[in-house]
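Visitor: quick one, structure for this:
(chains A, B, C and D)
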There are 2 protein chains.
Amino acid sequence: MTVTLKDIAERVGVTESTVSRVLNGVPKASKETCEKILKVAEELEYSPNQVARSLVKQKTHVIGLVISDIYNPYFAAVTGGIEEIASSYGYSLIISTTGGREKEELKYINVFKEKRVDGIIFMSGRMPDSCLTEIKNSNIPTVVVARKIDDSVPSIHIDNIKESYKAVEFLIKSGHQKIAMISGTFADVESGYNRFLGYKKALEDYDLPFCDNYIAEGDFKLASGIEGMRKILKTKELPTAVFAGSDAMAVGAIKAIKATGLQVPEDISVVGFDNNIISKACDPELTTVGQPAKSLGKKAMEMLYKVIEGENLAERSIYLPCEIIIRDSTRKIG
Amino acid sequence: MTVTLKDIAERVGVTESTVSRVLNGVPKASKETCEKILKVAEELEYSPNQVARSLVKQKTHVIGLVISDIYNPYFAAVTGGIEEIASSYGYSLIISTTGGREKEELKYINVFKEKRVDGIIFMSGRMPDSCLTEIKNSNIPTVVVARKIDDSVPSIHIDNIKESYKAVEFLIKSGHQKIAMISGTFADVESGYNRFLGYKKALEDYDLPFCDNYIAEGDFKLASGIEGMRKILKTKELPTAVFAGSDAMAVGAIKAIKATGLQVPEDISVVGFDNNIISKACDPELTTVGQPAKSLGKKAMEMLYKVIEGENLAERSIYLPCEIIIRDSTRKIG
DNA sequence: TCCCTCCGGTCAAACGTTTGTCTTAATTTG
DNA sequence: CAAATTAAGACAAACGTTTGACCGGAGGGA
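Guide: Residues are numbered from 1 along each chain as shown, chains lettered A, B, ... in the order given. Next comes the predicted model:
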């Protein structure tokens, strides 16, 4: 069926090794045979078998991506960035979604090992120790996205504490003093707890009181934003602004606020986090902390490539800055 | 470095073939050697080399996905469905994004050929003839999503004409007579032109006049929805409802309507298409035609699996129904 | 005893490449 | 003119599996 080097070799009357070299551009054949080989290869529609090639070269040109959830626009964007760069380097991308379940994560790391991928990008749940050790002693170059491990494995992040701090600072500088927060689940240290920490620190630095009634813990999703906001709206003294740990929760907050007859941003300003697609769909459009999702993916792949090539990483842990995107859900007061 | 069958064989004092059979559960070894082999394999942390295996078995357990754009939540959802089923069958998924560019599509089909994937799912642009023939004579099992070819290659769709018809019919039955449409680009026959066709047919069947001023052609994106709606709002006699060929355009329409001081749905009802994530983020929440995106992906992979296994497909072209999801952007009138 | 059948393996080919070493003839060099 | 170099290619091993064919011995039946 499928045509091999041997087929070409026979037709041309030469040996497989010669064909191989010619097709790979190794300059060792006469112009004549060279042309003949190329012509026959063309005629026979030769398609090199990469799996055979991988076997001997010990290189698959495949990289594996462990991701918790492709439906999440943020992850999708990171994935897109990864794919773009991977493809430009001649690598293919295998994706596997884990739902953040440790068992699945381990399973896929194992699949990647058996498939002899050249590298792994890990962007799933909490990166449990089991995965970490599994990855470490698999000896496969790995980059972790949005999850800080120790420096043994390179990673790329945003600085959640700092970016969250900046968002709250923005509100403070706009004149807000009573600022509530709807955080993501604290169990997610990076984007849940750390964003809360940034909020807290900003209040401290600007001598604003921290108030338990102004805090609601959600799960990053829209519904929990509604719920959280409802809780906050029960306090006697309403906040003038609320900062949410995700755009989805921010949109939920807006809905809850409007449902009580109050206005955004006239009565309460709202700031989100992510700058995903919904932040421009809601009404009013959301002021939010813009995560460089695609850039994270690109950078991650660039780092991974360097590791694969054996280059030294200048920094083993890179932070990309966010940009606060001001739209219509916030206003200056006072 | 990496441990092979040979390493195990030597340690146990047996030959590679025996080890291979034991590890694959072929019942041909004594209980004793069996245990020994398993034990040593465990100790050495043997990880079978799938690329070697693929070479001899002529099977990679990889399927390739050609997708135009992973950032689009609809494509992401389909991808998720595919991955879920693929993984349950023991297949891995390679993704490649093309931006709908023919050149990229051809490039990736070629990569997939060289990588000897077991199957291809195609969900990119217009599926140009070049790709079609390339796929056909590659002899790789293929399923096309959301793009009707001839019956030579299996495909899975929604019936855009019919579903769009149903949406407009819903409006008519809600008492609307003056219904505008913001369509996706006509160049995209399936989801652009066909949805327009369904709209037109519904008007005809219910003896409503078709009016050029009520038609705007967009590009599926939010901005074009705003623009299209603005154009429609310029007509002397305003419509009471507008049907958009995508949720994003519907959201744009809502924004444009609200910007003139009119209300949704009090003054104008709006219906979208897709049921993607933004349809629940906007205000009011969008009534829309719910595409079974994830199911499309699942079904596609199920079909592909059958083709790979050599089973006969009961139907080579499957249509999945949509469900109209009624939220707050529409109301009954009259 | 002879023949047959299992059992528990071994042997070797095959999958489709790459690549280091060897060969042969021709050409160059001194 | 002999020696050295080079050009163009052949040969074979290697990558890590799978799998059909073979094989020696033990046991069983006639």
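Visitor: so A:Thr79 versus A:Asn72, what's the distance?
Guide: 10 Å (CB to CB, to the nearest Å). In short, each C-beta sits where N, CA and C put it, glycine included.
Visitor: more neighbours: which of the two?
Guide: Neighbour totals were compared for A:Thr79 and A:Asn72, and A:Thr79 leads with 28 against 20 (other CB atoms under 10 Å in any protein chain shown).
Visitor: residues in contact with the more buried one?
Guide: The contact partners of A:Thr79, taken as CB atoms under 8 Å, 6 or more residues apart in numbering or on different chains, are A:65, A:67, A:70, A:93, A:95, A:297, B:70, B:95.
Visitor: where along the stretch 1-150 of chain A do the strands fall?
Guide: A:62-67, A:92-97, A:119-123, A:142-145 (DSSP state E, counting those that start in this stretch).
Visitor: how is chain A carved up into domains?
Guide: Domains of chain A are assigned by automatic domain parsing as A:5-48, A:58-158+A:294-321, A:160-290.
Visitor: and the second one, how far from the chain's centre?
Guide: Yep, that's domain A:58-158+A:294-321 we're talking about. Counting by CA atoms, centre = their mean, to the nearest Å, domain A:58-158+A:294-321 is centred 9 Å from the centre of its parent chain.
Visitor: I'd like the average pLDDT over it.
Guide: Mean per-residue pLDDT for domain A:58-158+A:294-321: 93.
Visitor: related to what we said a few turns ago, of the strands of the stretch 1-150 of chain A, which approaches DNA strand D most closely?
Guide: Between DNA strand D and the strands of the stretch 1-150 of chain A, the shortest separation by CB to the nearest atom of the strand is 15.9 Å, and it involves strand A:62-67.
Visitor: other SSEs contacting that closest one?
Guide: helix A:73-88, strand A:92-97, helix A:102-114, strand A:119-123 (3 or more CB pairs under 8 Å, 6 or more residues apart in numbering or on different chains; DSSP states H and E).
Visitor: try 6 Å this time
Guide: Contacts defined by 3 or more CB pairs under 6 Å, 6 or more residues apart in numbering or on different chains; DSSP states H and E place strand A:62-67 against strand A:92-97, helix A:102-114, strand A:119-123.
Visitor: okay, how far is it across stretch A:112-119, tip to tip?
Guide: Using CA to CA, to the nearest Å, the end-to-end distance of stretch A:112-119 comes to 9 Å.
Visitor: go on, stretch A:36-54?
Guide: Start-to-end span of stretch A:36-54 (CA to CA) is 26 Å.
Visitor: can you tell if that stretch touches DNA strand C?
Guide: Yes. Residues of stretch A:36-54 are located near DNA strand C by CB under 7 Å from any atom of the strand, namely A:46-49, A:52-53.
Visitor: and chain B, which of these contact it?
Guide: Applying CB under 6 Å from any CB of the partner chain to the residues of stretch A:36-54 next to DNA strand C, one finds that A:47-48, A:52 fall near chain B.
Visitor: hang on, the earlier thing: list just the nearest of the contacts of A:Thr79 to B:Glu323.
Guide: Nearest to B:Glu323 among these, counting by CB to CB, is A:Ile70 at 22.6 Å.
Visitor: the closest one against A:Gly99, yeah?
Guide: No. Contact criterion CB atoms under 6 Å: A:Ile70 and A:Gly99 do not qualify, at 10.4 Å.
Visitor: now render the domains of chain A as a markdown table, adding distance to B:Thr15.
Guide: A markdown table is the format used below for the domains of chain A (distance: least, CB to CB, whole Å):
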| stretch | distance to B:Thr15 |
| --- | --- |
| domain A:5-48 | 28 |
| domain A:58-158+A:294-321 | 22 |
| domain A:160-290 | 51 |
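Visitor: what's A:Ala216 sitting at in phi/psi?
Guide: phi -130, psi 140 (degrees, to the nearest 10).
Visitor: so what's it up against?
Guide: A:182, A:228, A:231-232 (CB atoms under 6 Å, 6 or more residues apart in numbering or on different chains).
Visitor: those residues into CSV, with extra columns for pLDDT and secondary structure?
Guide: Listed next are these as CSV, based on pLDDT from 0 to 100; DSSP: H, G, I helix; E, B strand; the rest coil:
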residue, pLDDT, secondary structure
A:Ile182, 98, strand
A:Gly228, 98, helix
A:Lys231, 98, helix
A:Ile232, 98, helix
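Visitor: widest-spaced pair of the residues you listed?
Guide: The most distant members of the contacts of A:Ala216, if one measures by CB to CB, are A:Ile182 and A:Lys231, lying 8.9 Å apart.
Visitor: residues near the closest residue to A:Ser152 other than its chain neighbours, how many?
Guide: Spatial nearest neighbour of A:Ser152, excluding adjacent residues (CB to CB, 6 or more residues apart in numbering or on different chains): A:Lys136 at 6.7 Å. Applying other CB under 10 Å, we find 13 residues neighbouring A:Lys136.
Visitor: also A:Ala180?
Guide: By other CB under 10 Å, neighbour count at A:Ala180 equals 26.
Visitor: just to be sure, it is in a strand?
Guide: Yes. Counting by DSSP: H, G, I helix; E, B strand; the rest coil, A:Ala180 is found in a strand.
Visitor: wait, doesn't it sit right on A:Ile232?
Guide: Yes. The pair A:Ala180 and A:Ile232 qualifies as a contact (CB under 6 Å) at a distance of 4.8 Å.
Visitor: and the gap between the residue lying closest to A:Tyr71 once chain neighbours are set aside and B:Tyr74?
Guide: Among residues not flanking A:Tyr71 along the chain, B:Gly80 sits closest, at 5.3 Å (CB to CB, 6+ apart). Note on B:Gly80: its distance to B:Tyr74, by CB to CB, is 11 Å.
Visitor: ok, A:Lys28 next?
Guide: Taken as CB to CB, the span from A:Lys28 to B:Tyr74 is 51 Å.
Visitor: between the two, which one's more packed in?
Guide: B:Tyr74 (21 against 10).
Visitor: nearest residue to that one in space, please, no chain neighbours.
Guide: Among residues not flanking B:Tyr74 along the chain, B:Ala293 sits closest, at 5.4 Å (CB to CB, 6+ apart).
Visitor: need the contact list for that neighbour.
Guide: Counted by CB under 6 Å, 6+ apart, B:Ala293 has contacts B:74, B:77-78.
Visitor: burial of the residue nearest to A:Tyr71, as a residue count?
Guide: Counted with other CB under 10 Å, B:Gly80 comes out at 20.
Visitor: repeat that for A:Ser279.
Guide: Neighbours of A:Ser279 (other CB under 10 Å): 26.
Visitor: how about it, nearest residue that isn't a chain neighbour?
Guide: Using CB to CB, 6+ apart, the nearest residue to A:Ser279 is A:Leu286, at 3.9 Å.
Visitor: helices of the stretch 101-250 of chain A, residue ranges please.
Guide: Using DSSP state H, counting those that start in this stretch, the helices of the stretch 101-250 of chain A run over residues A:102-114, A:129-136, A:160-173, A:194-205, A:222-233, A:247-259.
Visitor: which of the residues of stretch A:36-54 next to DNA strand C lies closest to A:Phe122?
Guide: Taking these together and measuring to A:Phe122 by CB to CB, the closest member is A:Arg53, at 26.9 Å.
Visitor: who's more crowded, A:Ile182 and A:Lys231?
Guide: A:Ile182 (31 against 18).
Visitor: center of chain A - which residue?
Guide: With distances taken as CA atoms, centre = their mean, the residue of chain A nearest its centroid is A:Val78 (3.8 Å).
Visitor: tell me the spacing between the residue nearest to it when sequence neighbours are not counted and chain B.
Guide: Using CB to CB, 6+ apart and skipping the chain neighbours, the partner closest in space to A:Val78 is A:Gly297 (4.0 Å). Applying CB to the nearest CB, to the nearest Å, the value for A:Gly297 to chain B is 10 Å.
Visitor: which phi and psi does A:Gly297 have?
Guide: phi -60, psi -50.
Visitor: swap in the one 10 residues further on?
Guide: The phi and psi values for A:Val307, taken as degrees, to the nearest 10, are phi -60, psi -40.
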